[in-house]
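Peer 1: sequence first, predicted model second:
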Amino acid sequence: MDTSITDVAIVGAGAAGLAAAIFTRRANPTRSVLLLDGAREPGAKILVSGGARCNVTNRVVSERDFWGGRRAIVRRVLRAFTADDAICFFRELGVSLHEETDGKLFPDTNRARDVLTALLRGADSAGVRLLTDHRVLDVQAADDGFSIVATGGTIRCRQVVLATGGQSLPKSGSDGAGFQFAQRLGHTIVPTTPALVPLILDEARGSIHRRLSGVSHDVELALWVDCRISMRLGGALLWTHFGISGPVALNASRHWLRAELEHRPVKLTASFCPGETFDSLERLWTAAPSRRPNSSVLTALADHVPAAVASALLDRLRLDAAVELAHLARTNRRALVQALLEWPLAVKGSRGYNHAEATAGGVALDEINPATMESRIRQGLYLIGEMLDVDGRIGGFNFQWAWSTGYVAGRALGA
Ligand SMILES: Cc1cc2nc3c(=O)[nH]c(=O)nc-3n(C[C@H](O)[C@H](O)[C@H](O)COP(=O)(O)OP(=O)(O)OC[C@H]3O[C@@H](n4cnc5c(N)ncnc54)[C@H](O)[C@@H]3O)c2cc1C
């Protein structure tokens, strides 16, 4: 390919780019749409998502499930193409979805491959021209449109959509190159950090994670920023050989990393007894000896947390696990209650973009028109998906953002 000309060029055939391509052609089949991707096989992230089952969206999605740019903008985009719209869209493409815990929606076949295949077929039958193995090196403003410099040649287009994703899982082809294109075209990039990423704990600071590797249980995490609790997040925590993972740790990660990026003092603590206060829990432990005087502290603690966690906590607190409740000294009881409610998690960093499911930060949302996803800086430029300064929590929200932004851009491009 030397120089080719198209009405609309979409850079990135991930979730957002595929959706935008389909919706552009559906809105206006006379417009030529070229979808470019650097990878030989596009949609790598769809394939690995949700444990290769692809958590396509969530039963209930609102702007409160997202972080980053202004929520009013996120709301406007989500309302244009809701989770119900996504369900219909996939049903039309031949993929029916079912609901699992926390409203997560998966394909009935439980195969992410089926989601990708349906999108690729949908694009093909809508008349989208897909060029894989075409890495885009630059996007430049040109007379009457844009000039896209790709490995296979140069493409001229009237409108261009950047759908190059964030920086998470860079081996999938999303390595942040799109941020540079957007920046050169005049956009502000909110500094990025990994999001939905496991956190590394510091063994030198006495962390108990290694001996608990593989244990999972419900906790409530408290994020302390500037010496105050800025947020509480509940859910399952998974202890690993390097630190912590599981939904609650993944959801907390972007907040810890953002605070660190801003050089603000930040720490994370876990309550192993969500919903309890110091007073309520101390009352429980004070009354416990009369109910079960011969029970050991370890046995009583194992009512609250898995036995392995109970044992690790007592070792760390240097409390005798075998001591009977009736003989537990007041100071030790109070230390135990405090530990159960504010267990320090000595975070020293994250596992980085290679292990992150999303990227926080990206193209500033205020610079995009939420009615069209068109840039407010450069006419004819559209920005969608994860490359924007929006990141969702675990549960199918990031894909919903990709479908919604893809739809809004497609509708505008086809008008
Ligand atoms: C392991 C994992 C599991 C996940 N599970 C879920 C889940 O179950 N549910 C959920 O909602 N979200 C999940 N996510 C997040 C979700 O996958 C992303 O938010 C979503 O894929 C973003 O879509 P996107 O189209 O914006 O970007 P991407 O999917 O990253 O697609 C960008 C595309 O652009 C291409 N590209 C990039 N740069 C260039 C260039 N210079 N030239 C040409 N092409 C380029 C890439 O090759 C890629 O195909 C998961 C992410 C990971 C990593």
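Peer 2: Here it is on my side, so go on.
Peer 1: next, the contact list for residue 17, please.
Peer 2: Counting by Cβ atoms under 8 Å, 6 or more residues apart in numbering, residue 17 touches 10-11, 35, 37, 161, 163, 384-385, 406. For glycine as for every other residue, the C-beta is placed from the backbone atoms N, C-alpha and C.
Peer 1: go again using 10 Å as the cut-off
Peer 2: By Cβ atoms under 10 Å, 6 or more residues apart in numbering, the contact set of residue 17 is 10-11, 35-37, 42-43, 119, 123, 128, 130, 161-165, 384-385, 402, 406, 409.
Peer 1: residue 128 now?
Peer 2: Here residue 128 is in contact with 8, 10, 13, 17-18, 20-22, 24-25, 32-35, 120, 122 (Cβ under 10 Å, 6+ apart).
Peer 1: follow-up on the earlier one: show me the contacts of residue 17 that map onto strands.
Peer 2: Mapping those onto strands (DSSP state E) picks out 10-11, 35-36, 130, 161-162.
Peer 1: before we move on, back to that, keep only the contacts of residue 128 that also lie close to the ligand.
Peer 2: Residues of these in contact with the ligand (Cβ under 6 Å from any ligand atom): 13, 17.
Peer 1: of all the contacts of residue 128, which comes closest to residue 347?
Peer 2: residue 17 (34.3 Å; Cβ to Cβ).
Peer 1: what sits closest to that closest one if chain neighbours are left out?
Peer 2: residue 163 (3.5 Å; Cβ to Cβ, 6 or more residues apart in numbering).
Peer 1: residues in contact with the one you found?
Peer 2: 10-21, 35-37, 174, 178, 373, 382-387, 402, 405-406, 409.
Peer 1: residues from the stretch 1-150 of the chain in reach of the ligand?
Peer 2: 11-17, 36-39, 42, 45, 48-50, 54-55, 135-136.
Peer 1: hmm, which of these are the buried ones?
Peer 2: Buried subset of these (neighbour count, 16 or more other Cβ atoms under 10 Å): 11-17, 36-39, 42, 45, 49-50, 54-55, 136.
Peer 1: for the stretch 301-415 of the chain, which segments count as strands?
Peer 2: Listed from the start of the chain, the stretch 301-415 of the chain has strands (DSSP state E, counting those that start in this stretch) covering 343-345, 347-350, 358-363, 368-369, 374-375, 381-383, 390-392.
Peer 1: who wins for proximity to the ligand among the ones you listed?
Peer 2: strand 358-363 (5.2 Å; Cβ to the nearest ligand atom).
Peer 1: what about that closest one, near the ligand?
Peer 2: Yes. Using Cβ under 6 Å from any ligand atom, strand 358-363 reaches the ligand at residue 358.
Peer 1: how far out from the middle of the chain is that strand?
Peer 2: 10 Å (Cα atoms, centre = their mean, to the nearest Å).
Peer 1: now do that strand, average pLDDT.
Peer 2: Here strand 358-363 scores 98 as its mean pLDDT.
Peer 1: part of a strand, is residue 238?
Peer 2: Yes. Looking at residue 238 with DSSP: H, G, I helix; E, B strand; the rest coil, it is inside a strand.
Peer 1: and the gap between it and residue 306?
Peer 2: Applying Cβ to Cβ, to the nearest Å, the value for residue 238 to residue 306 is 12 Å.
Peer 1: kindly report the same for residue 168.
Peer 2: 30 Å.
Peer 1: who has more neighbours, those two?
Peer 2: residue 168 (27 against 16; other Cβ atoms under 10 Å).
Peer 1: domain-wise, how is the chain divided?
Peer 2: Split into domains by automatic domain parsing, the chain comes to 3-194+360-413, 198-351.
Peer 1: right, so the ones you listed: which one is the most enclosed?
Peer 2: domain 3-194+360-413 (a mean of 21; mean count of other Cβ atoms under 10 Å).
Peer 1: how distant is that domain from the center of its chain?
Peer 2: 15 Å.
Peer 1: quick revisit: among the contacts of residue 128, which are in helices?
Peer 2: Under the assignment DSSP state H, those contribute 17-18, 20-22, 24-25, 120, 122 to helices.
Peer 1: any idea which element residue 48 lies in?
Peer 2: helix 44-52 (DSSP states H and E).
Peer 1: what lies in contact with that helix?
Peer 2: With Cβ under 10 Å, 6+ apart as the test, helix 44-52 has contacts from 14-15, 18, 37, 41, 43, 54-56, 100, 104-107, 110-113, 115-117, 119-120, 165-166, 168-169, 171-174, 357-358, 386, 394-396, 398-399, 402.
Peer 1: what's the average pLDDT for that helix?
Peer 2: Mean predicted confidence for helix 44-52 is 97.
Peer 1: just the C-alphas of it, formatted as CSV.
Peer 2: Provided in CSV are the C-alpha atoms of helix 44-52 (Å, rounded to 0.1, in the frame of the first residue of the first chain):
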residue,chain,number,x,y,z
ALA,A,44,-5.8,-9.4,22.1
LYS,A,45,-7.2,-7.8,25.1
ILE,A,46,-10.7,-9.1,24.4
LEU,A,47,-9.3,-12.6,24.2
VAL,A,48,-7.5,-12.5,27.6
SER,A,49,-10.3,-10.5,29.3
GLY,A,50,-12.3,-11.9,32.2
GLY,A,51,-10.1,-15.0,32.5
ALA,A,52,-10.6,-15.6,28.7
